[in-house]
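Participant: Structure for the following, please:
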Amino acid sequence: MTCCVEPAPRPPSVRLSVTGAGSGGAGEAAGVSAGASAPDAILSNASAPDAAPDAAPDAAPDAALSDAGAPDAGPDAGPDAGPDAALSDADADAPDPLLTLTLPLRVTYADRLYSARGYSGEHITRPAAGVAVEVAPAGGGAPLAAGWTDERGEAALTLTAPAGAPLVARALSTLALGERVADVRAREEGAPLYGLESAPRPAAALAALAAPLALHAPDESPPAGALNILSATRLGLALIARHTPAPPALPLSYRWSPGLPFACGSCYAGGRVSLGGQVEDPDQYDDHIILHEMGHYFVDMWSLDTSPGGPHRGRPVPPPLAYGEGAAYFWCALALGDPLVVDWMDPAPWVVDLEAGALNGVITSYGVDPATGAHHEELVSSALWDAYDGGESDDDPIALGERHAMGALLTALPGRAVESGAPGVDLSDWLLAAACLAPDAAPALSALAAARGYAWSPSEPVSPLAGGAVGLSRCPGKGAPPLTLAPRAARGGGLWLDAPAGPPPPPSPLRVSLWQGVPPRLTPLKRALPCAALPCEVLSASALKEYEGSPLPLVARVAAPSAPPRAASWLSPAALAAVRGGGEGRRTRWGAAVVWAAEVGERR
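Facilitator: Numbering: from 1, shown residues only. As a prediction, the model looks like this:
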């Protein structure tokens, strides 16, 4: 069984994996083809039965009456040969009628069943949701129809083809969710996609199918491994989509080959995950490990860390490395909704229970080296999980929930204005970011950290490495005059920048620029807008209409000529949707990478 495919056009040497198709298989397709040709074969040979009778009776009379034989030969040869030849030629020249059909497909794969001890030895069939499918000529050529499977792994492709043309259906190891895409390829540079291909069938036979054509990747096959990687990835993409509309700078691509290892085991760099496939530690069915590596991609594209990389499992490491790995483990558990991280390997799996604080079944007391600040990645991952989760059975003093946990990663941490804890991004920075988003939770966050031997307070030095006191007084924008960005019907419906009553406004005149996007990836729209004094209009009502319905917020960056502090103020998608009705939308506080605070549209 071959495993890898490239979307058409593809090299002639590339073949897809072939499985038995639903409602029949290769044998049924071959039967339909033979059955269709049988009448033509019989018709073209219709003169054969006449040869023996004509030859026997005529032989003797023709020999005796040689002059009379000519008329007899003519009628026998002429009437039989003429009609048969004409019918054969007409049949050969008749065009194959075009047929328009809608082909239903169902794509599934065999996944490993896992328990707290890893692979159970059993498999379960799962739908391959969100993957690319296509129908193409069996002999090669561009697809006649293409699409994506739904949550059930199903798709319906409409195409037009000659009724007798042999066609194949394919499923490919590429995934899309909105503007976010991912694929799985073999580890060699330029390697094609993995995939499945049905047995060839005439278009007429596909149109007659009574059930969806089934493409199934069987137990432990290369396509099954690739489809499971994408299945886990889709959960990660859905988590990202719930909290930011910003597209990534790079698409996500996995490099994985069954049976082959990478020197790093499994690792991430620059939009690419190198996923180990070695027999003793295969990661293609380890959903937590797949999403752990995707967690590094998430941080790279939308959040922030300063991890230097390197060995990290089961040992104290420098704070930025512990945070980088621990945050990725927290993120994978968040995407799966499962704090039991299982990495199956032979002879025994690696199991981390983020909720119980247990490593391979043993409750572990993590701590921090007072001289270097080094600590385990599991300290970080379990702290972030306990800060996030809640429920009746949970004994933690806090439950931030998904919105705040992701908000700290997406907004408050990348927008931090101060260095907290050890140099670089570490657990202290995340705790401060979470506390800036939810000030009332700061005492509980401090208690949660202390329970793990990690001393952190919103108002006291975190450690000798902190470089001074940190606290909520050092949240981004704290104590500075806020700004608002909102449409104002009373002023003609344009977009206006203003400062609310109370705190003194920033000095005027101001330098204003208008952007669109989510930090740190913003697209400039207008620069050097004049703003002699607040309030000032930054977009006219007609210009603002162009951005209605956009998934990306508008951002006004402001600088005063007499000082370097900047402010960012946001108009969210919710506020944009209210433009037509003249509403200003709701606003919530959010600190960007600025010193002045910003009143911003609520981001969901």
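Participant: Would you mark the buried spots in stretch 421-431?
Facilitator: G421, A422, G424, V425, D426, L427, S428, D429, W430, L431 (16 or more other CB atoms under 10 Å). Glycine gets a C-beta too; all of them are placed from N, C-alpha and C.
Participant: Now render the residues you listed as a markdown table, adding distance to G517 and pLDDT.
Facilitator: Converted to a markdown table, the buried residues of stretch 421-431 look like this (distance: CB to CB, whole Å; pLDDT from 0 to 100):
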| residue | distance to G517 | pLDDT |
| --- | --- | --- |
| G421 | 29 | 76 |
| A422 | 31 | 79 |
| G424 | 26 | 81 |
| V425 | 22 | 87 |
| D426 | 27 | 90 |
| L427 | 28 | 93 |
| S428 | 28 | 89 |
| D429 | 23 | 88 |
| W430 | 23 | 92 |
| L431 | 27 | 91 |
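Participant: Just flag the most distant two among the residues you listed.
Facilitator: Using CB to CB, the pair of the buried residues of stretch 421-431 lying farthest apart is G424 and L431, separated by 14.7 Å.
Participant: ok, and what's touching stretch 133-152?
Facilitator: With CB atoms under 8 Å, 6 or more residues apart in numbering as the test, stretch 133-152 has contacts from 7-10, 12, 103, 105-107, 127-132, 155-161, 165-172, 176, 200, 215.
Participant: repeat that with 7 Å
Facilitator: 8-9, 12, 103, 105, 107, 127-132, 155, 157-159, 161, 165-171, 176, 200 (CB atoms under 7 Å, 6 or more residues apart in numbering).
Participant: Can I get the buried part of those as one PyMOL selection?
Facilitator: Of the contacts of stretch 133-152, the buried ones can be selected in PyMOL as follows, counting by 16+ other CB under 10 Å:
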select buried, resi 103+105+107+127+128+129+130+131+132+155+157+159+161+165+166+167+168+169+170+171+176+200
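Participant: May I ask which helix or strand of the chain has the lowest mean pLDDT?
Facilitator: strand 587-589 (a mean of 23; mean pLDDT, DSSP states H and E).
Participant: show me where the stretch 401-550 of the chain has strands.
Facilitator: With DSSP state E, counting those that start in this stretch as the criterion, the stretch 401-550 of the chain has strands at 484-487, 495-498, 510-518, 521-531, 536-539.
Participant: Contacts only, for the closest residue to A450 other than its chain neighbours.
Facilitator: In this structure, A450 finds its nearest non-sequential neighbour in W456, 7.5 Å apart by CB to CB, 6 or more residues apart in numbering. By CB under 7 Å, 6+ apart, the contact list for W456 reads S428, L431, S446, A449, V462.
Participant: Give me the residues contacting whichever strand or helix holds N228.
Facilitator: Taking DSSP states H and E as the definition, one finds N228 inside helix 222-241. The contact list for helix 222-241 (CB under 7 Å, 6+ apart) reads 3, 17, 109-111, 126, 128-131, 173, 175, 177-178, 180, 182, 184, 194-196, 217-218, 252, 254, 256, 258, 275, 284-285, 287, 290-291, 294, 298, 302, 334-336.
Participant: could you give the angle of the helix or strand I289 falls within to strand 510-518?
Facilitator: Here I289, judged by DSSP H and E, is contained in helix 287-302. Orientation of helix 287-302 against strand 510-518 (axes from the mean of the first three to the mean of the last three CA atoms, to 10 degrees) gives an angle of 150 degrees.
Participant: Show me what the mean pLDDT comes to for helix 287-302.
Facilitator: Mean pLDDT, computed over helix 287-302, is 95.
Participant: Helix 222-241 and the helix or strand in which S173 is found, what's the angle between them?
Facilitator: Using DSSP H and E, S173 falls within strand 166-177. Between strand 166-177 and helix 222-241, the angle comes out at 30 degrees (the same axes, to 10 degrees).
Participant: If you count contacts, what does the helix or strand just after strand 166-177 end up packed against?
Facilitator: Where DSSP H and E defines the elements, the next helix or strand beyond strand 166-177 is strand 180-185. Helices and strands touching strand 180-185, by 3 or more CB pairs under 7 Å, 6 or more residues apart in numbering; DSSP states H and E, are strand 166-177, strand 193-197, helix 222-241, strand 252-255.
Participant: Quick check: buried residues in the third one?
Facilitator: In other words, helix 222-241. Buried residues in helix 222-241 (16+ other CB under 10 Å): 222-237, 239-240.
Participant: before we move on, what about the last one?
Facilitator: The neighbour-count criterion (16+ other CB under 10 Å) identifies L252, S253, Y254, R255 as the buried residues of strand 252-255.
Participant: Mean confidence (pLDDT) on stretch 386-406, please.
Facilitator: Mean pLDDT, computed over stretch 386-406, is 79.
Participant: So that it lines up with my notes, have the first residue be 56 from now on.
Facilitator: Sure, I'll start numbering at 56, so the last one becomes stretch 441-461.
Participant: before we move on, the earlier item: when you compare where the helix or strand just after the helix holding I344 runs with where helix 342-357 runs, what's the angle?
Facilitator: Per DSSP H and E, the first helix or strand lying C-terminal to helix 342-357 is helix 374-391. Between helix 374-391 and helix 342-357, the angle formed by their directions is 110 degrees, by the same axes, to 10 degrees.
Participant: all helices for the protein, in order.
Facilitator: Along the chain, counting by DSSP state H, helices occupy 81-99, 103-119, 124-148, 258-262, 277-296, 342-357, 374-391, 432-443, 456-462, 482-492, 497-505, 596-600, 628-632.
Participant: Between those, which has the poorest mean confidence score?
Facilitator: helix 81-99 (a mean of 29).
Participant: Identify the residues contacting the spatially closest residue to L580 that is not a sequence neighbour.
Facilitator: Leaving out its chain neighbours, the residue that sits closest to L580 by CB to CB, 6+ apart is L569, at 4.6 Å. The neighbours of L569, taking CB under 7 Å, 6+ apart as the test, are L580, K581, L584, V593, L594, L609, A611.
Participant: redo that, cut-off 8 Å
Facilitator: Residues in contact with L569 (CB under 8 Å, 6+ apart) are P579, L580, K581, R582, L584, V593, L594, L609, V610, A611, R612.
Participant: ok, now A438?
Facilitator: Applying CB under 8 Å, 6+ apart, the residues contacting A438 are G381, L482, L486, L503, A504, R507, Y509.
Participant: Give me the nearest residue to the last one, chain neighbours excluded.
Facilitator: It stands for Y509. In space, Y509 is closest to V423, 5.6 Å off (CB to CB, 6+ apart).
Participant: tell me the phi and psi of that neighbour?
Facilitator: Main-chain torsions, V423, degrees, to the nearest 10: phi -120, psi 130.
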